[in-house]
Every structure is written in C-alpha cells, then in structure tokens.
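A.B. asks: Predicted model and sequence follow; I will ask about them next.
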Amino acid sequence: MGDSELMIIVDRESAFVSDHIVDGSPPHSAWLITDPAAVAVLAAVFDSTWRRAQPWTGGLRPSRRSNVRDTGTASPDGVRTSREDREAMRLLCAGVSQTSTAKKIGVSKRKLEETIASLKALWGVRTLNELIFQNALSPARLVDDSDPAVDVTTGPAA
C-alpha cells in the first residue's frame, strides 16, 4: 500500500488514483476510475483541497553549486536578493534587453550575465524564462526599493 495520496483527473471524466487496496502492489500502481459519480466526488475533493492550499511564494531550493550566494542570509520577509538583483529582474520582466538592462543599472553586460547566472542558481532554474517565473512568485517582487538608503538584505546604509 502506498504512503501518499496521488490522483490524476482527466477532463473530469476519468481519474487515476493510487492503489491502496492490493497489498504489496508496486508504488506506481493505480486504479482507473470512470464512474461519473466517483470522478465528480474526487474532483470536488481536489477543488476543496486546492482552495485551502497555501500559495507557493518561490521558496528557494538548496543548490550544490559552489558559486551560489549564501541562501541562509535572508531578510525576515524571505527576500534573498539585492537591490541591484531586483532592479535587473524588474527590467528583464518588463521585456528590456539584457544590454539595455545592464546600461540602466550601471553594470557591464558581463556583470549582468553573472548576476543572472547567480540568480538562476539561487532559484535552481536553467533558463531566463524560468527565472522570470520564479521572480514573479518570490516575495522579492514586492520589495519597495524607492528608498535608496535601505536594502532589505543588508539593512540601512552606514
């Protein structure tokens, strides 16, 4: 019998559920359910669970790469990016090219590429599109960087 409740509902007409009946069945075994009433109940249970779920805010996955920033140094809000990181991400998310983004934040294109690589490693993603998606889920997107004297990751300027 499996330890987890796995379920796939297809077009609300059929469902695959983990096998909790046959003793000794492989962990990947499942039952196909096509009875409309049973599938409707399973869909309702899923919908109810989904509504009560907590949204994922882009929590960081640990990385084994040595050049990754220290993910243990975060602000109380869970923000692990610098002001420069966040400004670069705002521009990239707005569709600004990497060359223009580098100019606007006052760094070389190579430095921006290093920042992007570091952020990809921080979030455990491989592409710029994945990075932009993770940024959209991150608490960092909500940081107001309009006060130049405060960086949430380092505190007030000295």
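C.D. replies: Sure, I can see it.
A.B. asks: how distant is the longest helix along the chain from the center of its chain?
C.D. replies: In the chain, taking DSSP state H as the definition, the longest helix is helix 36-52. How far helix 36-52 lies from its chain's middle: 25 Å, per Cα atoms, centre = their mean, to the nearest Å.
A.B. asks: which strands and helices sit next to the next helix-or-strand element following it?
C.D. replies: Remark: after helix 36-52, the chain's next helix or strand is helix 83-93, criterion DSSP states H and E. With contacts taken as 3 or more Cβ pairs under 8 Å, 6 or more residues apart in numbering; DSSP states H and E, helix 83-93 sits against helix 98-105, helix 109-123, helix 128-137. For the C-beta atoms, the positions are set from N, CA and C on the backbone; glycine is no exception.
A.B. asks: Quick one: mean pLDDT over the first one.
C.D. replies: Read it as helix 98-105. Across helix 98-105, the average pLDDT comes to 94.
A.B. asks: That one versus helix 83-93: what angle between them?
C.D. replies: Going by axes from the mean of the first three to the mean of the last three Cα atoms, to 10 degrees, helix 98-105 is angled at 140 degrees with respect to helix 83-93.
A.B. asks: okay, helix 98-105 in CSV with CA atoms only?
C.D. replies: C-alpha atoms of helix 98-105 as CSV (Å, rounded to 0.1, in the frame of the first residue of the first chain):
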residue,chain,number,x,y,z
GLN,A,98,20.0,42.4,-21.3
THR,A,99,22.2,45.0,-22.9
SER,A,100,19.8,47.8,-22.1
THR,A,101,19.2,46.4,-18.6
ALA,A,102,23.0,46.4,-17.9
LYS,A,103,23.2,50.1,-19.0
LYS,A,104,20.2,51.1,-17.0
ILE,A,105,21.5,49.6,-13.7
